[in-house]
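Participant: Here is a sequence with its predicted model. Questions after.
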Amino acid sequence: MLKMSQAKRITGEAVVPGDKSISHRAVMFGALAEGTTSISGFLQGADCLSTISCFRRMGIEIQQEGDQVTVQGKGWFGLQEPERGLDVGNSGTTIRLMSGILATQPFHCVVEGDESIARRPMRRVVTPLREMGAKIDGRKNGEFTPLSIRGGELKGIAYQSPVASAQIKSSILLAGLQAQGITSVSEPHLSRDHTERMLQAFGVEVIRDGLTVSVQGGQVLKGREIQVPGDISSAAFLIAAVMVVPNSSLLIRNVGINPTRTGIIDVVRAMGGHIELQNERVVNEEPVADLFVQHSELTGTVIEGDLIPRLIDEIPVIAVMATQAQGRTVIRDAEELRVKETDRIATVVSELSKFGAKVTPTADGMVIEGPAKLTGAAIDSLGDHRIGMAMAIAGLAAEGETTIANAEAINVSFPGFEQLMKKLTVTE
Ligand code: S3P
């Protein structure tokens, strides 16, 4: 149970934990590479630890001490058939990317996760991987876990993805690295491109043409050093805290600002919020900066189209900011929220309404009327890390005390969240 009370001010300097998407990929690509991969700034969240444990179970030696991880890669076919099923915990990225890898392996494997994973759609990766020649089954004809995967020789495909999803794109490209010929994926909007960037850092040739990305089968990954920047999706909670608590300002150091992830910065600026990028640099093909954030009066905005994949994970906390903005905020084209760790349209509406916020769900998003006076409430994370943290930020703006049940879910992506918020919050 996490307790939050109204904050007077948010102030100081912060570093957020490593990027979740980049941490997963560093371990997976390191395991498939030839030679050693040394990772610093690794996210020690439950999701990325699930990735480590799955690859250990396939015979990969991985040392982890704090945020330093060393992966002894054995080449693409160095993985061993695991003796028991693999458990991905709460991690959609682990199961979907790993399915692409397992589809190429000459063995059988069963993969499953927690209750949330059991409800999330898998046919979005199963269908293209089957088309490439993998034998995959699961409940409801492969829609749900447990997935049973028998990999083998694959053929390249040109896949038109119906959704802008980095998990779908990455799963197919990874399978494509061991398929006959060329594999390409086209998406309706550009989703995060960490796979493309990191594969290049591991020595793979990746060809981009607009919204289509292709790889040639049979390429070799070479182990290397990876420095993981702070996760902008975690920094988003701190940015929002500054925006909803008057007189606040904060310097957040070492945050990844890959343009496929910076929708949150664009939206905060469009709402009138002050964010400065300082000390911009590039680390392992990924742009990084320090963010200086200052409290500002916000106004409502419209969030839709191409912007959605660039801030999909930040929508719960954007909804919290919108409750404190003047006027209406409309979020549309975000039906993907329905299939995240929870149905995030339903859970944002149910939990944020408990504070007295005016939020109305729509089929593909929500409408928020602001500004609303928030009152402390008894909230449930519903097992969803980002719902737990978004509501904790609402608690900083709400009068009275807020409690968040099932707050341990926050460890999925932001271990140390509670302590960091305590350190940055002035209550007197
Ligand atoms: C992720 C992609 C996104 C995102 C998730 C991480 C990734 O999911 O929501 O938190 O690391 O590739 P989708 O690809 O399903 O949009």
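Facilitator: Looks like it came in fine.

Participant: Give me every residue in the stretch 201-350 of the chain that's in contact range of the ligand.
Facilitator: Residues of the stretch 201-350 of the chain lying close to the ligand by Cβ under 6 Å from any ligand atom are 312-313, 336. (Glycine included, C-beta is placed from N, CA and C.)

Participant: who wins for most neighbours among those residues?
Facilitator: Within these, neighbour counts (other Cβ atoms under 10 Å) peak at Asp313, which reaches 24 neighbours.

Participant: May I have the residues that are in contact with that residue?
Facilitator: 233, 236, 340, 386 (Cβ atoms under 8 Å, 6 or more residues apart in numbering).

Participant: Closest to Glu225 out of the residues of the stretch 201-350 of the chain next to the ligand?
Facilitator: Ranked by distance to Glu225 (Cβ to Cβ), these are led by Asp313 at 26.7 Å.

Participant: Assign the closest one to helix, strand or coil.
Facilitator: Here Asp313 takes the helix state, with states given by DSSP: H, G, I helix; E, B strand; the rest coil.

Participant: From Ala235, how far off is it?
Facilitator: As judged by Cβ to Cβ, to the nearest Å, Asp313 and Ala235 stand 12 Å apart.

Participant: Which stretches in the stretch 51-200 of the chain count as strands?
Facilitator: Along the stretch 51-200 of the chain, counting by DSSP state E, counting those that start in this stretch, strands occupy 61-65, 68-74, 86-87, 108-112, 135-138, 144-150, 154-155, 158-160, 179-180, 182-186.

Participant: So what's the model's average confidence on the fifth one?
Facilitator: This means strand 135-138. Strand 135-138 shows a mean pLDDT of 98.

Participant: I'd like the distance from it to the chain centre, please.
Facilitator: Averaging C-alpha positions (Cα atoms, centre = their mean, to the nearest Å) puts strand 135-138 25 Å from its chain's average.

Participant: repeat for the fourth one
Facilitator: The offset between the C-alpha centroid of strand 108-112 and the centroid of the whole chain comes to 23 Å, using Cα atoms, centre = their mean.

Participant: So what's the residue count around Ser249?
Facilitator: Residues near Ser249, counting by other Cβ under 10 Å: 14.

Participant: So what pairs up with it in the strands?
Facilitator: Note on Ser249: beta-bridge partners by DSSP bridges are Gln294.

Participant: Contacts only, for Ile404.
Facilitator: Neighbours of Ile404 in contact, by Cβ under 8 Å, 6+ apart: 1-4, 379-381, 388, 391-392, 395.

Participant: now do 10 Å
Facilitator: The contact partners of Ile404, taken as Cβ atoms under 10 Å, 6 or more residues apart in numbering, are 1-4, 351, 377-381, 387-389, 391-392, 394-395, 410, 418.

Participant: Give the buried residues for the helix or strand that contains it.
Facilitator: Taking DSSP states H and E as the criterion, Ile404 maps to strand 401-405. In terms of neighbour count (16 or more other Cβ atoms under 10 Å), strand 401-405 has its buried residues at 402-404.
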